[in-house]
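Visitor: Sharing a model prediction with you, sequence too.
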Amino acid sequence: MTKKPPMGGLVPLVLIAGATAALAVGFGAAAPARASKPAPDSGPTLIAGATLIDGTGAPGRPADVRVAAGLISAVGTPLQPTPGESVVDGTGLVLAPGFIDTHSHADSGIFAHPDALAAVSQGITTVIGGQDGSSFYPLEKFLARLRRHPAAINVGMYGGHGTYRERVLGKDFRRAATGAEVARMEDMLADDMRAGALGLASGLEYDPEIYSAPGEVVALARVAAARGGRYISHVRSEDRDFWKAIDEIIDIGRQARLPVQVSHLKLAMRSLWGRGDELLSRLDAARAAGVDITADVYPYTYWQSTLTVLFPQRDFANREAAAFVLKEVAAPDGLLMGRFEPNPGYVGMTLAQIAEARGTDPVTTLIDMIRESEAMRTKRHPDTESVIGTSMDEDDVRRLTAWEHSNICTDGELDGRHPRGFGSYPRILGRYVRDERVLTLEGAVRRMTGLAAAHMGIADRGLVKPGMQADLVLFDPATVIDRATPQQPQVLSAGILRVWVNGSLVWSDGRVTGNRPGQVILGPGAPKRAAAARAGALQPRVAVAGAAGR
């Protein structure tokens, strides 16, 4: 698997370091996908007395919910307990659909962390991997292993453009692909679509995809579209060439005629700050013209990636380019090292602090650190450095989060250095809803559930209604909050009380239960789905869907 470091997005990191040292429109609705074989459940359960927020955006209401055989079997007020049924008292709490993370790097660590503590502790029940163009190939083998060794959460996957490009072009990737090479990549994606990929994912700001021609991406997107799939992308630039990158993903949606989603939407350069309305107007205009473009957002102003991604020309020794980075993209005291193999003692220090310790100016320090880390990089050990960088403005993050076509994501890992991996959803519920009133509670839950499911094409999750898979989260709206920080990125959040996946309790009383009922979310190209559709109906336990970040 090719693994790209995730990036994402203003807490001044100098202070942090000092403390530590809907519905598809236009071209189209992709066909549904589904989950793999039924998972075990915890037996009949009645969740009574909670305020139900059902994922549609409708006002919360008192309602009891019955879970049986992994499904939501009844919703009403009141429901009477049946013999042998477990009863959970939800008085004073909110019951919502399980949260769906549409941009996750959990797939890279799912077998090492099958209980998925980072996810379930914040209410996430489904993750979508293969992001930023980095996936497992052949996908069929990964999904087969996941069926043999289920996790606590459901997992869906995209096929990765970068993975295909790396396998086809090898070390000779700093160029446009030939027609024959594009055809080989198309065949690889078609294989993965048959295996169950939701569509095509790209990370066009990263090697080897940054060297791809736009037509190459369109050709692959058409393969996904032909099989009812989707396209999701870390766009080609989140700073200098941002507007061109937005135009590119819109054009991919227009030419390939499939739904497209901007990964971890952000304005990651000082001269872009305050232009959120301009961005959303452009996206709304594309939607009005028939392009089904959507986005996901995480609630942080700092991202995580590599130092090298800050140089789109890969001219790491260019002092002018380095000076631009430190002026426009992230200041020296806003670049916090999460990893640095040449000198692990730099972890937790900002570039400003490292420059002072080395006795060199920040530009020289940045150039030298890249040179040192690149000298240690090998194919077996590609990750020699990572950095958390402050590049976004909080008002912009709020504005983009509040867009009616944005859903929530983490861009996080199960064992990562960025707090988003452990805190994104409680941060939205605690800070953006309760404290700052950026969103209503119902609007926030919709962005985490029903809207996220619609953007991924998942038809049997994301809502609380009879017949849906019983992915549920019970939380306290008065206390829910994130507690993870860049200094302590894996501190658990508060206020998430219980989490069910396919009817099985996976998180309760502040700990994982050890149950691993997760299913594989299969895309529309998988043959079994087509056969089921021809037979007239999907089986009730078959989950349906349609079609490292910055």
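Guide: Received it, and whenever you're ready, just let me know what you need. Numbers count the residues shown, from 1 in each chain.

Visitor: hang on, isn't Pro362 packed against Asp333?
Guide: No. With contacts counted by CB atoms under 8 Å, Pro362 stays clear of Asp333, the gap being 9.1 Å. Every C-beta, even on glycine, is put in place using the N, C-alpha and C of the backbone.

Visitor: Please enumerate the shared neighbours of those two.
Guide: In terms of CB atoms under 8 Å, 6 or more residues apart in numbering, Pro362 and Asp333 are both contacted by the residues 351-352.

Visitor: Low-confidence regions, this structure specifically.
Guide: 1-42, 528-549 (pLDDT under 70).

Visitor: repeat that with 50
Guide: In the prediction, the chain carries residues with pLDDT under 50 at positions 1-32, 38-39, 529-548.

Visitor: in the protein, which helix has the most residues?
Guide: Within the chain, and with DSSP state H defining each element, the longest helix by residue count is helix 179-195.

Visitor: Give me the contact list for that one.
Guide: Helix 179-195 is contacted by residues 135, 137-140, 143, 159, 161, 164-165, 167-169, 177, 197, 199-200, 216, 219-220, 223-224, 227, 229, 523-527 when judged by CB under 8 Å, 6+ apart.

Visitor: Give me the buried subset of those.
Guide: 135, 137, 139-140, 143, 159, 161, 164-165, 168-169, 177, 197, 199-200, 216, 219-220, 223-224, 227, 229, 523-526 (16 or more other CB atoms under 10 Å).

Visitor: Just the ones of those in strands?
Guide: By the criterion of DSSP state E, membership of those in strands covers 159, 199-200.

Visitor: quick one, what contacts Thr384?
Guide: The contact partners of Thr384, by CB under 8 Å, 6+ apart, come to 339-342, 373-374, 376-377.

Visitor: I only care about these that end up buried; give me the PyMOL line for that.
Guide: Here is the PyMOL command that picks out the buried ones among the contacts of Thr384, judged by 16+ other CB under 10 Å:
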select buried, resi 339+340+341+342+373
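
Visitor: Which two of the contacts of Thr384 have the greatest separation?
Guide: Taking every pair in the contacts of Thr384 and measuring CB to CB, the maximum separation is 13.8 Å, between Arg339 and Glu374.

Visitor: Spell out the residue ranges of the strands in the stretch 351-500 of the chain.
Guide: If you assign secondary structure with DSSP state E, counting those that start in this stretch, the strands in the stretch 351-500 of the chain sit at 385-390, 406-408, 472-475, 496-501.

Visitor: Skipping its backbone neighbours, what lies nearest Ser135 in space?
Guide: Ranked by CB to CB, 6 or more residues apart in numbering and with sequence neighbours excluded, the top spatial neighbour of Ser135 is Gly160, at 3.3 Å.

Visitor: Who is Val262 paired with across the strands?
Guide: Per DSSP bridges, the residues bridged to Val262 are Ser233, Ala295.

Visitor: shift numbering so it begins at 4
Guide: Happy to do that; since the first residue is 4 now, the last one works out to Val265.

Visitor: my read: it touches Val294, true?
Guide: No. Because the distance of 11.7 Å does not satisfy CB under 8 Å, Val265 is recorded as not touching Val294.

Visitor: State the distance from Lys107 to Asp299.
Guide: For the record, residue 107 is Ser, not Lys. 10 Å (CB to CB, to the nearest Å).

Visitor: Which residues are in contact with each of the two?
Guide: Any residue near both Ser107 and Asp299 by CB under 8 Å, 6+ apart counts here, and that gives Cys412.

Visitor: Quick check: Arg230 touching Gly528?
Guide: Yes. Distance between Arg230 and Gly528: 3.7 Å, which falls inside the contact criterion (CB under 8 Å).

Visitor: one step back: let me see the contact set for the residue nearest to Ser138.
Guide: Contacts of Gly163 were listed using CB under 8 Å, 6+ apart, and they are 5, 133-138, 140, 204-206.

Visitor: how about a markdown table for these, with distance to Val328 added?
Guide: Compiled in a markdown table, the contacts of Gly163 are given as follows (distance: CB to CB, whole Å):
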| residue | distance to Val328 |
| --- | --- |
| Thr5 | 25 |
| Gly133 | 29 |
| Gln134 | 24 |
| Asp135 | 20 |
| Gly136 | 23 |
| Ser137 | 23 |
| Ser138 | 29 |
| Tyr140 | 33 |
| Ala204 | 26 |
| Ser205 | 23 |
| Gly206 | 19 |
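
Visitor: Between those, which sits nearest Val158?
Guide: Sorting the contacts of Gly163 by how near they are to Val158, with CB to CB, puts Gly133 at the top with 9.7 Å.

Visitor: Tell me the spacing between the closest one and Gly256.
Guide: From Gly133 across to Gly256, the span is 19 Å (CB to CB).

Visitor: What of Arg440?
Guide: Using CB to CB, which is the criterion applied here, Arg440 is 33 Å from Gly256.

Visitor: Which of these two has more residues huddled nearby?
Guide: Regarding Arg440 and Gly256, a neighbour count based on other CB atoms under 10 Å identifies Gly256 as having more, with 29 against 9.

Visitor: Which neighbouring elements make contact with the helix or strand harbouring that one?
Guide: When elements are defined using DSSP states H and E, Gly256 is found to belong to helix 245-259. Applying 3 or more CB pairs under 8 Å, 6 or more residues apart in numbering; DSSP states H and E, one finds that helix 245-259 contacts helix 217-229, strand 233-237, strand 263-265, helix 279-291, strand 296-300.

Visitor: how about 7 Å then?
Guide: With contacts defined as 3 or more CB pairs under 7 Å, 6 or more residues apart in numbering; DSSP states H and E, the secondary structure elements packing on helix 245-259 are helix 217-229, strand 233-237, strand 263-265, strand 296-300.

Visitor: can you tell which of the ones you listed is closest to Phe114?
Guide: Across those (criterion: CB to CB), the nearest stretch is strand 233-237, sitting at 23.1 Å.

Visitor: can you give me how far that closest one is from the chain middle?
Guide: Average the C-alpha atoms of strand 233-237, do the same for its chain, and the two points are 11 Å apart (CA atoms, centre = their mean, to the nearest Å).

Visitor: name the helices or strands packed onto that strand?
Guide: If contacts are counted by 3+ CB pairs under 7 Å, 6+ apart, strand 233-237 sits against strand 202-206, helix 217-229, helix 245-259, strand 263-265.
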